[in-house]
Every structure is written in structure tokens, then in C-alpha cells.
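Student: need a 3D model of the sequence below.
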Amino acid sequence: MVKKNSFYLIFLLISVFVLTGCSIQTGIEKEINVQEENKSALKVDINPKGWEVSPTFNIPVTFGDGTKGEYILIGNEGELGFLTGGQPIIAGKSNKYMWYFWGSTLEETQQLFGKKMEIRGVSKQTGEEISVFKGGIGIPNPNVQPPILDNDKVAKGVTMMSIPSGLWRLDAYIEEKLFGSVVAQVHNK
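Tutor: Numbering: from 1, shown residues only. A predicted model of the protein is given here:
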């Protein structure tokens, strides 16, 4: 009888030990998987792929006095860009930048007016994300002739931005949804 009880006791202890070991192993595997997922998410922000400086492009404009000219923007022509005037962006210097948004249709562009806008910056060097500006998209500017045919208006938002030096991806969110990104080099003074 003692041998039978000892056998059951030993069997019970081994079973508990094995089950506990499996449970701990599963927990470790889950932790490793979560860490690997987090590494993948982090790599998205600091991955060099897609970090080429966005091109500049010109959009024609007719000024109030009837003269014609061009604005120089950095970004993706016909989608998203901000006015630089062809000047470099200087680190730590707060400056006014006009962001331009084009929808795929005139109606889509018009629906952008009055929406909340946020510009978030992600540093290529550190992966740090900062909020650069929060505001809204203003009224249409009928004087700007956007590069997309069939659109006679462009949505725009005025920002004051100050960004540290380095290569930055500036993500433009409208109503918390990513609209597009511009990669810009920010220079030291």
C-alpha cells in the first residue's frame, strides 16, 4: 500500500513538474514572439528602405494682381507636399510651411476642408517619433492650379514647424488617418 501511494505521489509530482515546465516554456515562447514582433515594428520606422528625400516640384499659381508664378514644394506631385520655396529646412528654426493636399477627385479634395490635420515626424537616425504640428485644413485656394487635371482646387493647411537636424519622414494625418508622407533633410544652421 505504501509503494502504491508513493507511486501515485511520484507520478503526481512529475506530472505537476512537466505541466509547469510546459507552461513556463509557452510563456517564454510568447514573450520571445512579442519581442520579435516589436522588433519588426521598430524596424519599419528606422529601415533605410523608403528614406530617399522626396523630390521637389512646381505648381503654377496666379496671384491676386493677375501675374503668374510658381510655388516650389517638396513631396509627391499631385498628392501631398509642402511649400519650401526651394530653400533648405533649417534645424530648430520655427518657420511657416504651407501643406498642400490633393484628393484623387475634386469631391475628395473638397471633403478635406475643415478636417483635423497632424504632422508627425520620424527620425531615420533614431526612430524617434515627434508631433510636429496639429491644426486643420483651411479653405480652398482657387488661385492655385494643381498638377492634377479635373481638379480646380487644392486643400491646404498652414503649419509652424521646427524640426531637429537629420533625415525625417513627415507623416501627414487627416482625422487620425495617414494621408501620405514626405521625406525631408533638415540641415544644421
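
Student: and the helix or strand hosting residue 82, which strands flank it?
Tutor: Secondary structure assigned from DSSP states H and E places residue 82 in strand 80-83. When pairs are called by DSSP bridges, strand 80-83 turns out to pair with strand 68-76 (antiparallel), strand 95-101 (antiparallel).

Student: can you name the element that comes right after it?
Tutor: Once the chain leaves strand 80-83, the next helix or strand it forms, by DSSP H and E, is strand 89-90.

Student: ok, back up a step: CA-only coordinates of the strand holding residue 82, as PDB, when you get a sec.
Tutor: The C-alpha trace of strand 80-83 is given here as PDB (Å, rounded to 0.1, in the frame of the first residue of the first chain):
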ATOM      1  CA  LEU A  80       0.900  65.800 -51.000                       C
ATOM      2  CA  GLY A  81       3.600  68.400 -50.500                       C
ATOM      3  CA  PHE A  82       4.600  71.500 -48.600                       C
ATOM      4  CA  LEU A  83       5.900  74.800 -49.800                       C
END
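
Student: contacting residues around it?
Tutor: Residues outside strand 80-83 that contact it (C-beta atoms under 8 Å, 6 or more residues apart in numbering): 54, 57, 71-75, 97-102, 159, 170, 172, 179-182. All C-beta spots, glycine's among them, are computed from the backbone N, C-alpha and C.

Student: how about a cut-off of 10 Å?
Tutor: Outside strand 80-83, the residues within contact range by C-beta atoms under 10 Å, 6 or more residues apart in numbering are 54-57, 59, 71-75, 89, 96-102, 119, 147, 154, 156-159, 161, 170, 172, 179-182, 184.

Student: check stretch 128-137 too.
Tutor: Applying C-beta under 10 Å, 6+ apart, the contact partners of stretch 128-137 are 45-46, 97, 99-101, 109, 111-123, 155-164, 166, 168-175, 179.

Student: just the buried subset of those, please.
Tutor: Listed as buried from the contacts of stretch 128-137 are 97, 99-101, 109, 112-113, 115, 117-123, 155-157, 159, 161, 163, 166, 168-174, 179; burial here means 16 or more other C-beta atoms under 10 Å.

Student: flag the shaky bits of this protein, pLDDT-wise.
Tutor: Along the chain, segments meeting pLDDT under 70 span 1-49, 139-153.

Student: show me where it has helices.
Tutor: Assigned by DSSP state H, the helices in the chain fall at 2-46, 106-110.

Student: which parts of the last one are buried?
Tutor: Translated: helix 106-110. residue 109.

Student: who are the packing partners of it?
Tutor: Counting contacts by 3 or more C-beta pairs under 10 Å, 6 or more residues apart in numbering; DSSP states H and E, helix 106-110 is packed against strand 155-161.
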